[in-house]
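Asker: model the structure of this input:
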Amino acid sequence: MSQLMNQGNLPPKVPSLNDESVRFQVELEFVQCLANPNYLNFLAQHGYLKENNFVNYLKYLLYWKEPEYVKYLRYPQCIYMLELLQYKQFRAELVNTPCAKFIEDQMLLHWQFYTRKRIRMQQAMMDAIRQRQENQSTTDTTATSTQQNINMAIKP
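Answerer: Residues are numbered from 1 along each chain as shown. Here you go, the predicted structure:
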């Protein structure tokens, strides 16, 4: 061990939570974990959601709703869960595993519906664009033939 120290090999520096970039990353990761109903159930069953310090921390994290922060979130449902966690009744219900399971099921159903709806909307937009292009090419063809007829009528 002393031989390692003599060679100048120091143990790696542990990042401090006072470092703003580390704090940002830790809070970002934690806020996104709130999108997982099973994790919320774990927190509730272990009593974290009853502790005043933890509840105050959840209130502090509401700054993630601001546009300059929300753009970094990959799971936007975590903001909705963070808002719900502000209510004591919601925190109390999360102790029940069936409650967390219901929330998870609803999220999955939302994703499935959203994906199908988005595909239908994209298909409708593509159909509308194709229709517009077809109408424009028909209009262009008609305009060209009309112009040709006018040119022929003008020439003696």
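
Asker: out of the helices and strands in this structure, which is least certain?
Answerer: helix 2-6 (a mean of 49; mean pLDDT, DSSP states H and E).

Asker: which elements pack onto the helix ranked longest in the chain?
Answerer: Longest helix of the chain, by residue count under DSSP state H: helix 97-154. Applying 3 or more C-beta pairs under 8 Å, 6 or more residues apart in numbering; DSSP states H and E, one finds that helix 97-154 contacts helix 37-45. Yep, even glycine has a C-beta here, placed from its N, CA and C like the rest.

Asker: which neighbouring elements make contact with the helix it packs on?
Answerer: By 3+ C-beta pairs under 8 Å, 6+ apart, helix 37-45 packs against helix 97-154.

Asker: off-centre distance for the helix it packs on?
Answerer: 25 Å (C-alpha atoms, centre = their mean, to the nearest Å).

Asker: quick check: mean pLDDT across that helix?
Answerer: With pLDDT averaged residue by residue, helix 97-154 scores 78.

Asker: now it against helix 37-45, angle please.
Answerer: 150 degrees (axes from the mean of the first three to the mean of the last three C-alpha atoms, to 10 degrees).
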